[in-house]
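# Any chance you can model this:
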Amino acid sequence: MSAEPPPPAAAPAPSSDDFDPKQHLWDGTNWWPLDKQRWWDGSQWRSVAAPVVASAAPPPPPQVSPDGKFYWDGQRWVPLQTPAAQVPPPQVAQQPPQVQAFPQQYPTTYAPPKKGHALRNVSLGCLGLIVLLIIIGIAANGNKPTGTSTPAASPSNSATNQPSAASASPVAAKVLLDKTGSGINKTPDFTAAGDWEIDWSYDCSNFGSSGNFQVIVYNSDGSLADVAVNELGAKGSDVTNEHQGGTYYLEMNSECNWHVIVKG
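Predicted coordinates for the structure are as follows:
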């Protein structure tokens, strides 16, 4: 069998310059915004509540590959088992799909942008410069001759000025949620006061190839709060910090195994 040809150039996605794939979900057939109240029918956004009117015009014939051995079904090239004239035509009217949770998938030519580390690199550079200045100052003071001797601090003063080990120990963060699983999963509600964090990791070895991993934060009333994690790869782990207290729940979308811990 000859190799499959590449997909058609026209992708089923909006083409405007301000379109942000990270703020939309691709279910393999249609684009959705994160609130799942509209869908892209190939030429315009349609409301989920609005009915789809069947077109009076006959459907276009299916697209056949140049070698006549495949036809395009809207998602992939399918080998022809019968002559091209007998390929079943697409449906005349497309009904709006039901709103349901699904893992975000991307077209084969798209890769989500990676998180930049410019702020972290700048912070590390400033810290290194400060340490270098401190070392230079210590070295310069050590080379100066001293005319008077400094009396040693009394044991009582030294003991008074030393902070206690108990007061210097940081307070350990409380674990609010610990969840392990795979695929699509929604956590119970949890309440965080002030700053909190999401410790996450994923591993796609069970999937056999790179996969997508998302963690979406919703308010307790179901409204979107934040897209905390949006990764594509074989495996990964990191910590995402949130800075707004309240009651939330998480939704994980992935083909891979994952582990999520919420601390606050």
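# I'd guessed Leu177 sits against Met252; true?
No: contact criterion C-beta atoms under 8 Å: Leu177 and Met252 do not qualify, at 11.5 Å. The C-beta positions use only the backbone N, C-alpha and C, and glycine is treated the same way.
# tally of neighbours for Thr187?
For Thr187, the tally of surrounding residues (other C-beta atoms under 10 Å) stands at 19.
# so it makes contact with Trp258?
No: counting by C-beta under 8 Å, Trp258 is not a contact partner of Thr187; they are 11.7 Å apart.
# any shared contact partners between Leu177 and Met252?
When contacts are counted by C-beta atoms under 8 Å, 6 or more residues apart in numbering, the set common to Leu177 and Met252 consists of Thr187, Val260.
# These two: which has the busier surroundings?
Legend: neighbour count by other C-beta under 10 Å for Leu177 and Met252, higher for Met252 (24 against 19).
# what's the nearest residue to that one if we skip its chain neighbours?
Excluding the flanking residues, the one nearest Met252 by C-beta to C-beta, 6 or more residues apart in numbering is Asn185, at 5.0 Å.
# now swap in Asp189 and tell me
Excluding its sequence neighbours, the residue lying closest to Asp189 (C-beta to C-beta, 6+ apart) is Tyr249, at 5.0 Å.
# list the contacts for the one you found?
Neighbouring residues of Tyr249 by C-beta under 8 Å, 6+ apart: Lys186, Thr187, Pro188, Asp189, Phe190, Tyr218, Ser220.
# ok, these vs Gly211, which is closest?
Of all the contacts of Tyr249, the one with the least separation from Gly211 (C-beta to C-beta) is Lys186, at 18.8 Å.
# how close does that closest one sit to Met252?
Counting by C-beta to C-beta, to the nearest Å, the separation of Lys186 from Met252 is 8 Å.
# now do Phe70
For Phe70, the distance to Met252 (C-beta to C-beta) stands at 36 Å.
# again, but for Asp67
42 Å.
# now Asp20
Here the distance between Asp20 and Met252 works out to 21 Å (C-beta to C-beta).
# do Leu124 as well
With the distance defined as C-beta to C-beta, Leu124 ends up 31 Å from Met252.
# quick one: low-confidence ranges for the stretch 1-150 of the chain?
Applying pLDDT under 70 to the predicted model, the residue ranges of the stretch 1-150 of the chain that meet it are 1-18, 50-61, 82-117, 142-150.
# all helices of it, in order?
When assigned using DSSP state H, counting those that start in this stretch, the helices of the stretch 1-150 of the chain occupy the ranges 118-143.
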